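Colleague: Turn this into a model:
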Amino acid sequence: MRVLVLGGDGYLGWPTALHLSDRGHELAVLDNFARRGYDRELGVQSLVPIEDLDTRVAVWQQVSGRSITPYVGDLLDADFVLEVVREFAPDAIVHFAEQRAAPYSMIDRQHAVYTQQNNVIGTLNLMYAVAEIDPAIHLVKLGTMGEYGTPNIDIEEGWLDVTHNGRTDRMLYPKKPGSFYHLSKVHDSHNLEFGCRVWGLRVTDLNQGVVYGQQTDQTVLDPQLATRFDYDAVFGTVLNRFVIQAVLGEPLTVYGAGGQTRGFLDIRDTVECIRLAVENPADAGEFRVFNQMTESYSVRELADKVAECFPGPVQVEHLDNPRVEQAEHYYNVKHTGLVDLGLQPHLLSDTLIESMFNIVAAHKDRVAPEALLPTVRWQIPASTSSPTPPPTR
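Modeller: Residues are numbered from 1 along each chain as shown. Take a look at the predicted model:
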């Protein structure tokens, strides 16, 4: 199959492209390098050094003998999107090309507006390009489990059968997102469902949990194929942060009491989930939703697990939670769709955590310790522009 990966220079987009290429698909990647711009804006860098896209593509061809076609441009440029889709003629498009951090979207008004515009308008431009050129193209959209929030009922895979006043209908599962970033993903889901229902598009919406890990079977073939390892309080995920804090001898910073529970999955499962979705496309007119996670943990449980695995003393420090979220809550998520397609999950193990300690130890001189502490607060909206606005195009 011909597969176009949007956001193909990013943390998950790059290893996804390699995984699909390794499985024999013809690959193209598209990126505007905004993610690298966020690092410059925030004064941080990936813990593991990463090469530029041209180098990555060249090294992959040397290692594997397979080519990946790079495109550089922005989804907000509708003409560019149309041109790329027409030229590459993909069978499937994997869409990672969005600003992905909740804290980044909550910095101030400018960052909230940027996130909504970048994510929602870019996806709309993509939808129109697919509808105009070939509605049979299967669009695999990376959503987030954060769309659902933490409702006091079981979370189904995207849809809910509702009975009200004696009548029953199948409806999109109600959403209670916790940031302007998560809200942008909800808007995407509603727009995509509309495109399926009205235009006959075929879409798989992957509501993904928190991804951990940095290595896949393909990225370990050469150091120049490495993907990002984010650790800062804006883009870094909680397990990455805890692992780095343990290696540096810093306390593991748990927000609030640590009862917040989320779905998690290994990066190797992420790329495999996408392969399964690409190779088993949704039907024409179908808006298919998979909850892409393998297990759930509370923040407190993760901190305890890292402390138990680390070969040295570890302290846990509870900070005032900068976010607005429930301290303790019910969390039961249905996630059978991808397993039914053949996913064999890698569950979080002591061995995996120990391997992350080794990665961090090798690059700990690249850590900016001050970036580990939260600076973005949910409760007080910042309406003025920050001195370092989002990257311009």
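Colleague: From now on I want contacts and neighbour counts done on CA atoms only, so please keep to that.
Modeller: Noted.
Colleague: Okay, helices next: where are they in the stretch 51-200 of the chain?
Modeller: Taking DSSP state H, counting those that start in this stretch, the helices of the stretch 51-200 of the chain run over residues 53-64, 78-88, 102-105, 109-116, 122-133, 180-199.
Colleague: Would you mind confirming that residue 72 is in contact with residue 30?
Modeller: Yes: at 5.6 Å, residue 72 counts as touching residue 30 under the criterion of CA atoms under 8 Å.
Colleague: For those two, indicate the residue with more neighbours.
Modeller: residue 30 (25 against 14; other CA atoms under 10 Å).
Colleague: The strand or helix carrying that one pairs with which strands, and in what direction?
Modeller: With elements taken from DSSP states H and E, the one containing residue 30 is strand 26-31. Applying DSSP bridges, strand 26-31 is found paired with strand 2-6 (parallel), strand 68-72 (parallel).
Colleague: what's the closest of the ones you listed to residue 209?
Modeller: For the strands paired with strand 26-31, the distance to residue 209 is smallest for strand 2-6, at 19.2 Å, taking CA to CA.
Colleague: And the closest one, how far out from the chain middle?
Modeller: 16 Å (CA atoms, centre = their mean, to the nearest Å).
Colleague: residues contacting residue 261?
Modeller: 296, 297, 298, 299, 328, 329, 331 (CA atoms under 8 Å, 6 or more residues apart in numbering).
Colleague: Could you tell me how far it is located from residue 209?
Modeller: Distance, residue 261 to residue 209, by CA to CA, to the nearest Å: 11 Å.
Colleague: now do residue 287
Modeller: 19 Å.
Colleague: same thing with residue 104?
Modeller: Taking CA to CA, one finds residue 104 at 18 Å from residue 209.
Colleague: So which of residue 287 and residue 209 has more stuff around it?
Modeller: More neighbours surround residue 287 than the other of residue 287 and residue 209, with 25 against 22 (other CA under 10 Å).
Colleague: is that one in a bridge, and if so with what?
Modeller: Beta-bridge pairing of residue 287 under DSSP bridges involves residue 203.
Colleague: before we move on, the earlier item: closest to residue 41 out of the strands paired with strand 26-31?
Modeller: strand 68-72 (20.4 Å).
Colleague: Run the chain-centre distance for that closest one.
Modeller: When C-alpha coordinates are averaged (CA atoms, centre = their mean), strand 68-72 and its chain have centres 21 Å apart.
Colleague: can you check stretch 141-152 too?
Modeller: Stretch 141-152 sits 12 Å away from the centroid of its parent chain (CA atoms, centre = their mean).
Colleague: cool, and stretch 206-214?
Modeller: For stretch 206-214, the distance to the chain centre is 6 Å (CA atoms, centre = their mean).
Colleague: repeat for stretch 321-334
Modeller: 19 Å.
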